[in-house]
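Visitor: Structure of the sequence below:
(one chain, ligands or ions: 1)
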Amino acid sequence: MSAHVIVRGLTRIFDVSKPWLNRVLERRGKAFLTAVSEVDFEIEERTTYALVGESGSGKSTIGKMLVGLLSPTEGDVEIEGVDLARERDARRAATVRSNIQMIFQDPYASLNPRWRVRDIIVEPVASKGGDTELLAERLLEQVGLHPTDAGKFPHEFSGGQRQRICIARALASQPRLIVCDEPTSALDVSVQAQVLNLMSDLKDDLGLTYLLITHDLTVVRHMADRIGVLYLGRLVEEADPETLFEAPKHPYSQMLLDAAPRMDAFGREVVPPTGEIPDPIDPPKGCAFHPRCPIAADICRKERPRMRPLGTTKVACHLAE
Ligand code: SF4
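Guide: From the prediction side, this is the model:
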């Protein structure tokens, strides 16, 4: 079995209506927020797919639907040939679920401060009655910490070390797919690089597949095999890192890249992204990016662009060439 992931037409709508009495008094109808809309992508086994976008782009919602924390309103997530939301064979679904783990952004919040590191790491295995003999010590070594660290408490570690402990815990149940939601954004830049290198080495050594979720394009450049750029819940561009960084096709990808720091252009003036993400409850008609787009034309305000192939890239823009 492989950790091959296929996402088709993935959509998640939240009911964000006020309580019934408020709606009656204020004469308002129900309100719905489309956090993710018709998203398609595929993650090949043993590769890293990165989802990039500003906050509110829907990337974390997609991650949660992938690991089964949220169910899709429409569309499918198929992992190892199993659609987790619809699979009737509970044992088959449980087997696939046990092959998926998640690493969160904040290593301070995701470790129980009262537990020793050993108990934190082995808990996913111990709760299923698995063998935990020297498991924590072995995993701590694998993530670059010392086996004796197993007897310590989380507060005795730095942010980077804590994220290594989170990674060790995620590895304890021998997953094939790991969803990493902003795994380094709470860390210093130098520590970020160490944690990303560790994740990259573990992927090669253990044959892992990653979905990497981040707002920071620079994080994914050297780690991703394929990058999907999200805007207001929709994929607007998908490409391999080289193509995306050398020749971004979508104006939003260009804006994100202009805002990203670059080692080869030290001293360059960084242009921050302009404009605000529109209200997702009432998104703009046509292309949702048109109020911020420097080259928007009439058609952009009327017609929503569909994803279309352009060389090795896929892009949703009327004017991309
Ligand atoms: Fe800009 Fe139009 Fe392309 Fe949207 S479709 S990104 S508004 S050019």
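Visitor: The residue nearest the centre of the chain: helix or strand, and which one exactly?
Guide: For the chain, the residue whose C-alpha lies nearest the mean C-alpha position (CA atoms, centre = their mean) is Ile213; its distance is 2.3 Å. With elements delineated by DSSP states H and E, Ile213 resides in strand 209-214, which encompasses its position.
Visitor: mind checking how far that strand is from the chain centre?
Guide: If you compare the mean C-alpha spot of strand 209-214 with that of the full chain, they lie 5 Å apart, counting by CA atoms, centre = their mean, to the nearest Å.
Visitor: elements contacting it?
Guide: strand 48-52, helix 59-67, strand 177-181, helix 189-206, helix 217-220 (3 or more CB pairs under 8 Å, 6 or more residues apart in numbering; DSSP states H and E). Yep, even glycine has a C-beta here, placed from its N, CA and C like the rest.
Visitor: For these, give me CSV that also has mean neighbour count, mean pLDDT and distance to Val236.
Guide: What follows is the helices and strands packed on strand 209-214, written out as CSV (neighbours: other CB atoms under 10 Å; pLDDT from 0 to 100; distance: least, CB to CB, whole Å):
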stretch, mean neighbour count, mean pLDDT, distance to Val236
strand 48-52, 25, 96, 10
helix 59-67, 23, 93, 12
strand 177-181, 25, 93, 20
helix 189-206, 15, 88, 25
helix 217-220, 21, 85, 13
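Visitor: before we move on, back to that, please work out which residues outside the strand holding Ile213 touch it.
Guide: Strand 209-214 is contacted by residues 3-5, 43-52, 59-60, 62-63, 66, 176-185, 199, 203, 219-220, 223-224 when judged by CB atoms under 8 Å, 6 or more residues apart in numbering.
Visitor: What strands line up against it, and which way round?
Guide: Partner strands and pairing direction for strand 209-214 (DSSP bridges) are strand 48-52 (parallel), strand 177-181 (parallel).
Visitor: Can I get the last one in PDB, CA atoms only?
Guide: In PDB, the C-alpha atoms belonging to strand 177-181 read as follows (Å, rounded to 0.1, in the frame of the first residue of the first chain):
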ATOM      1  CA  LEU A 177       1.500  10.400   5.500                       C
ATOM      2  CA  ILE A 178       2.200  13.400   7.700                       C
ATOM      3  CA  VAL A 179       0.200  16.600   7.400                       C
ATOM      4  CA  CYS A 180       2.400  19.400   8.700                       C
ATOM      5  CA  ASP A 181       0.400  22.600   9.500                       C
END
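Visitor: Please state the offset of it from the chain centre?
Guide: Shown here is strand 177-181, whose average C-alpha point lies 7 Å from the average C-alpha point of the whole chain (CA atoms, centre = their mean).
Visitor: Quick one: work out the angle between that strand and helix 189-206.
Guide: Angular relation of strand 177-181 and helix 189-206 on a 0 to 180 degree scale: 170 degrees, by axes from the mean of the first three to the mean of the last three CA atoms, to 10 degrees.
Visitor: ok, residues contacting strand 177-181?
Guide: By CB under 8 Å, 6+ apart, the surrounding residues in contact with strand 177-181 are 3, 5, 43, 60, 63, 66-67, 79, 99-105, 170, 199, 208-213.
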